[in-house]
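**Q** fold the stuff below for me.
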Amino acid sequence: MKKLISIVTPTFNEQGNIKELCSKISSEMKKLDYEYEHIVIDNNSNDGTIEILKKIAAEDKKLKVIINSRNFGHIKSPIHGILQSSGDAVIVMSSDFQDPPELIPEYIKEWEKGHKVVLGQKESSEEGTIKNLIRKLFYKLIKSISEVPLMMNTTGAGIFDRKIIEEIRKINDPYPYFRGLVSEITEDIKLIKFHQPNRASGKTKNNFYSLYDIGILGIIKHSKIPLRIMTMVGFFAGIFSVLVALIFLIYKLLFWDSFEWGVAPLIIGVFGFASLQIFMLGFIGEYVMNILTHTRKLPLVVEKERINF
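**A** As a prediction, this is how the structure comes out:
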């Protein structure tokens, strides 16, 4: 009996890409001796993507479609799609061709060798220089403070053995950092280097907030170091404040008539420490919000419609 490969692609307003993507995935899988299902989970697109998917699904029963009741975002929706798969292994890739479907045979080949996880790793990219630089700096930061060995320059695209998927299901994280979860579960991760092209059509859904969201999520999920740094900074800032106050007091006592306090040091000190406190409170708030998200026990998504399941 042939093994089943599940391919999961999340979409939102991808009418310019989705038809070619489905065709390309189908073409790649027909070259291989595997059964497959292609699961597309859509965040309630409003540009015609859903209509295109319904037409394709009517002719191709291997295409399974989940339509969410609203846009649940780029973190929760893909995880839900992954958990609905039934394959012996699950391939995850974006719908904009920045994760090339041509990598599918390579993913499967390495999985056949026994690797539980095979990820695509960007060796180079056609993204802007500034964005690339920011990504590299972020990866270096999170790698240096993370409690698990996170993979550099990966998007989460790759193939995952069924055992890994079932472990993720058990964790039941309502707002997961997927790459971090995988690294928590196993160190058996094979990397395949590739050149990342620009998206084929349409506008990227990644903006400053979405990238910030992923970045902060990766930090708070897998590191306690920021909290420890805040504690140390607060401690040493307190000592520094006392020393500065003592120095000013001594100078005033020694040079009572000539030394003037002035308001500038006071204003600078107040604003400096206030800014530091706001930053630290904001970071602590991210940890608290993550706890709140867990305690609310909301579903990853709410589905509006399923096709071909």
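
**Q** drop to CA atoms for contacts and neighbour counts, all remaining ones
**A** OK.

**Q** relative to G120, how far out is the most centrally placed residue in the chain?
**A** Central residue check for the chain by C-alpha atoms, centre = their mean: the C-alpha nearest the mean position is that of I214, 4.5 Å away. Using C-alpha to C-alpha, to the nearest Å, we find I214 at a distance of 18 Å from G120.

**Q** hang on, the earlier thing: pLDDT at the residue nearest to the centre of the chain, what is it?
**A** As predicted, I214 sits at a pLDDT of 72.

**Q** next one: the one 3 residues further on
**A** The model reports L217 with a pLDDT of 76.

**Q** so it is in which element?
**A** Here L217 sits within helix 208-222, counting by DSSP states H and E.

**Q** now stretch 103-117, how far from the centre of its chain.
**A** 22 Å (C-alpha atoms, centre = their mean, to the nearest Å).

**Q** and that stretch, what's buried?
**A** By neighbour count with 16 or more other C-alpha atoms under 10 Å, stretch 103-117 contains the buried residues 103-104, 106-108, 110-111, 115-117.

**Q** residue contacts, the residue nearest to the centre of the chain?
**A** Listed by C-alpha atoms under 8 Å, 6 or more residues apart in numbering, the contact partners of I214 are Y177.

**Q** right, and the helix or strand after the helix holding L217?
**A** helix 225-254.

**Q** buried residues in that next one?
**A** 230, 234.

**Q** before we move on, what about stretch 150-165?
**A** So for stretch 150-165, counting by 16+ other C-alpha under 10 Å, buried means 150-162, 164-165.

**Q** same check on stretch 284-300?
**A** 284, 286-287, 290, 300.

**Q** need those residues in JSON lines (columns: distance to M230).
**A** JSON lines is the format used below for the buried residues of stretch 284-300 (distance: C-alpha to C-alpha, whole Å):
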{"residue": "I284", "distance to M230": "9"}
{"residue": "E286", "distance to M230": "14"}
{"residue": "Y287", "distance to M230": "13"}
{"residue": "N290", "distance to M230": "18"}
{"residue": "L300", "distance to M230": "32"}
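
**Q** so which one among those has the lowest pLDDT?
**A** N290 (77).

**Q** other SSEs contacting the helix or strand where it lies?
**A** Secondary-structure assignment from DSSP H and E places N290 in helix 264-296. The contact analysis (3 or more C-alpha pairs under 8 Å, 6 or more residues apart in numbering; DSSP states H and E) places helix 264-296 against helix 208-222.

**Q** next, the angle from the helix it packs on to helix 264-296.
**A** Per axes from the mean of the first three to the mean of the last three C-alpha atoms, to 10 degrees, the angle that helix 208-222 makes with helix 264-296 is 80 degrees.

**Q** would you put the C-alpha positions of helix 208-222 in CSV?
**A** Extracted in CSV, the C-alpha atoms of helix 208-222 (Å, rounded to 0.1, in the frame of the first residue of the first chain):
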residue,chain,number,x,y,z
PHE,A,208,6.1,45.2,10.2
TYR,A,209,3.4,44.1,12.7
SER,A,210,3.2,40.5,11.4
LEU,A,211,7.0,40.1,11.4
TYR,A,212,7.2,41.7,14.9
ASP,A,213,4.5,39.3,16.0
ILE,A,214,6.5,36.3,14.8
GLY,A,215,9.7,37.7,16.3
ILE,A,216,8.3,38.4,19.7
LEU,A,217,6.5,35.1,19.8
GLY,A,218,9.8,33.2,19.1
ILE,A,219,11.5,35.0,21.9
ILE,A,220,8.8,34.7,24.7
LYS,A,221,8.0,31.1,23.8
HIS,A,222,11.6,29.8,24.0
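
**Q** buried set for it?
**A** Buried residues in helix 208-222 (16+ other C-alpha under 10 Å): 215-222.

**Q** adjacent strands (with direction) for the following helix or strand past the helix holding N290?
**A** Next in sequence after helix 264-296, counting helices and strands by DSSP H and E, comes strand 303-307. As defined by DSSP bridges, the strand partners of strand 303-307 come to strand 63-68 (antiparallel).

**Q** what residue ranges in the protein score low on pLDDT?
**A** 127-129, 131, 205-211, 257-266 (pLDDT under 70).

**Q** and it, what are its domains?
**A** Per the record, the chain has its domains at 4-223+300-307, 225-296, by automatic domain parsing.

**Q** before I go, just wanted to say thanks for your time.
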